[in-house]
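J.: My questions are about this predicted structure, shown below with the sequence.
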Amino acid sequence: MTGSQPPGPSKPASADPTGEAAEQLGDDALSERYVPAAGHRALTRFYDPAMAATMRERTFRRALVRSAVTTGPQAILDVGCGTGSQTIALADAVPHAEVIGVDGDPDALARARARGAGRAITWVEAFAQELPLDDDAVDCVTASLLLHHLSPPTRLAALREMRRVLRPGGRLHIADWGRPQDPPMRLAFLSIRLLDGRKNTADHAAGRIPQIIKEAGFSDVQVTRRLRTVFGTLELLEAS
Ligand SMILES: C[S@@+](CC[C@H](N)C(=O)[O-])C[C@H]1O[C@@H](n2cnc3c(N)ncnc32)[C@H](O)[C@@H]1O
């Protein structure tokens, strides 16, 4: 599956969060299924500048790319790709690989598609918990800052989907909020907890994400790096 036109695989009806599907789901059900990049769709255009200013973005994205390319992946899936920064960095680092970016938000994907123009990335509108890919389709799955957008049951379902599409021996690479290292980081994390929801961020605050990744069927789960940021402790995790 290559090329820049979406979607390669068939798109489930529920992957349209704007039109009929949104009307049928209603606002509450929809926010249960996906929260936009900056917490509200009207704020998506501010997401990239805010990331660059506050998140040590270059450091964590480079670190995630470095660990993802170590095994020489042939097919990479970036789940919750948003406006495409991580997906594009991966495609540039492994130009021979097939790269797929999946997100539930059509506005974020439109930005990603424009930013990634000229690269052989496939952009797909779909939900992380219903990935429209075959079993064992890729040998590398990445998800940066997705998991804290998902409710606990949706997060577990999404991680199980990531395991399903990952070939045996393939690697999972996550960047997301971890347990705050100290009181200043706990205070910093409060704004994310308010913006993205206390329920969705409770497992992050409690340091339970590695255990949840195991529950989804992964093994050898490791936190490889912790970074202090304006909004709290960002962790890089790997699993197979
Ligand atoms: C904070 S942004 C991170 C975007 C990107 N990965 C990055 O590193 O900049 C979270 C993204 O997850 C997407 N998202 C949230 N829930 C989702 C779901 N259930 N399925 C697919 N995408 C989802 C949002 O639309 C948003 O683009």
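T.: The structure has been received and is ready for your questions. Residues are numbered from 1 along each chain as shown.

J.: and the protein, which of its residues are near the ligand?
T.: The chain has residues 33-37, 80-82, 85-86, 103-105, 108, 127-129, 144-146, 149-150, 154 near the ligand, with proximity defined as Cβ under 6 Å from any ligand atom. In short, each C-beta sits where N, CA and C put it, glycine included.

J.: quick one: which of the residues you listed sit in strands?
T.: Residues of the residues of the chain next to the ligand located in strands (DSSP state E): D103, S144.

J.: Report the closest residue of this protein relative to the ligand.
T.: Among all residues of the chain, G82 sits closest to the ligand, at 2.5 Å; criterion: Cβ to the nearest ligand atom.

J.: Model confidence at that residue, what's the number?
T.: pLDDT for G82: 97.

J.: quick one: it and G104 touch, right?
T.: No: counting by Cβ atoms under 8 Å, G82 stays clear of G104, with 9.9 Å between them.

J.: which residues touch the closest residue in space to W177 that isn't next to it in sequence?
T.: Leaving aside its sequence neighbours, W177 sits nearest to H204 (Cβ to Cβ, 6 or more residues apart in numbering; 4.1 Å). For H204, the contact set (Cβ atoms under 8 Å, 6 or more residues apart in numbering) comprises L147, H148, D176, W177, G178, R179, F189.

J.: Would you point out the helix or strand in the chain whose mean pLDDT is lowest?
T.: helix 20-33 (a mean of 46; mean pLDDT, DSSP states H and E).

J.: Taking the residues of the chain next to the ligand, please make a PyMOL selection of just the buried ones.
T.: Buried residues among the residues of the chain next to the ligand (16 or more other Cβ atoms under 10 Å), as a PyMOL selection:
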select buried, resi 33+34+35+36+37+80+81+82+85+86+103+104+105+108+127+128+129+144+145+146+149+150+154
